[in-house]
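>>> Sequence plus the predicted model coming up.
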Amino acid sequence: MSDSGQVAGSGAKPAPKSKYDYSKGPAPLNINLTWCKACNICIALCPTQVFEPDRDGKPVLARANDCIQCAICWQHCPDFAITSNYK
């Protein structure tokens, strides 16, 4: 048992929840598909699996409500193709 009272190895850490409500505003992210070269770094690094590749391998917002605005995707995009609508 750990100091916090939880049993070690009791399960995987749950994915973080978004503190943003995207239902009344724009989508959490803009993806400039003209600039995107389909490197899929954003897909690989997203902690909440917001993106899915389209038929050309470029990212689309498949689960926009799961975006937590962590900034990993737009900070690591080598093409500067991703921007946030909230930060």
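That came through, no problem.
>>> Excluding chain neighbours, give the residue nearest to Ile31 in space.
Ile82 (5.5 Å; CB to CB, 6 or more residues apart in numbering). (C-beta placed from N, C-alpha, C; glycine too.)
>>> Let me see the contact set for the one you found.
Contact analysis of Ile82 by CB atoms under 8 Å, 6 or more residues apart in numbering lists 29-32, 42, 59, 73-74.
>>> Correct me if wrong: Cys67 contacts Pro26.
No. In this structure Cys67 lies outside contact range of Pro26 using CB atoms under 8 Å: 11.7 Å.
>>> just to revisit the earlier point, quick one: buried ones out of the contacts of Ile82?
Burial by neighbour count, 16 or more other CB atoms under 10 Å: within those this picks out 29, 31, 42, 59, 73-74.
>>> Inside strands: which ones of the residues you listed?
29, 31, 59 (DSSP state E).
>>> right, and out of those, which lies closest to Tyr20?
Using CB to CB, Leu29 comes nearest to Tyr20 of these, at 11.1 Å.
>>> And that closest one, how far from Gln49?
14 Å (CB to CB, to the nearest Å).
>>> so can I have a markdown table of the ones in strands among the buried ones among the contacts of Ile82 showing pLDDT and distance to Lys87?
A markdown table is the format used below for those (pLDDT from 0 to 100; distance: CB to CB, whole Å):
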| residue | pLDDT | distance to Lys87 |
| --- | --- | --- |
| Leu29 | 95 | 10 |
| Ile31 | 97 | 15 |
| Pro59 | 97 | 18 |
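>>> Give the burial count for the residue nearest to Ala38 when sequence neighbours are not counted, as a bare number.
Nearest residue to Ala38, sequence neighbours excluded (CB to CB, 6+ apart): Gly57, at 3.8 Å. Residues near Gly57, counting by other CB atoms under 10 Å, number 12.
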